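Novice: Sequence first, then the predicted structure:
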Amino acid sequence: MERAMLGVSLRDQIRNEKIRRRTKVTEIAQLVENLKLQWAGHIASRTDGRWGLLVLEWRSRTGRRSVGRPPTRWTDNIRRVAGSR
């Protein structure tokens with residue numbers, strides 16, 4: 001869509017980063033990451049014991065482990081981006 005906005009085709013061989021700089025559109029992955037961090041900060045500031053903070057720390061699997069990589073929790077992603085604090 002951004003290429004159509006600028007009238008650029010794939011044959012022009014212009015990289016996506018350069019197109020995003022020209023259109024000043026935020027990449028959707030970065031937007032989702034920022035919204036997730038904002039939500040986590042909002043939930044972490046609560047002290048009234050509602051379920052939001054419990055959901056962040058919830059581990060759904062009990063008993064035997066499944067084969068393969070363990071599922072990623074929200075807190076794992078937040079710690080990767082924001083650090084241990």
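Specialist: Great, that's in hand. Residues are numbered from 1 along each chain as shown.

Novice: Residue 33 reaches residue 82, doesn't it?
Specialist: No - contact criterion Cβ atoms under 8 Å: residue 33 and residue 82 do not qualify, at 10.3 Å. Glycine gets a C-beta too; all of them are placed from N, C-alpha and C.

Novice: hey, which helix is longest across this structure?
Specialist: Across the chain, the longest stretch assigned as helix under DSSP state H is helix 28-44.

Novice: Next one: the most centrally placed residue in the chain from residue 40, what distance?
Specialist: For the chain, residue 33 is the residue whose C-alpha lies nearest the centre (Cα atoms, centre = their mean; 3.0 Å). Taking Cβ to Cβ, to the nearest Å as the measure, residue 33 falls 11 Å from residue 40.

Novice: just residue 1 next, same as before
Specialist: Using Cβ to Cβ, we find residue 1 at a distance of 30 Å from residue 40.

Novice: now swap in residue 26 and tell me
Specialist: From residue 26 to residue 40 the distance is 19 Å (Cβ to Cβ).

Novice: Mind checking which of those two has more residues around it?
Specialist: residue 40 (20 against 10; other Cβ atoms under 10 Å).
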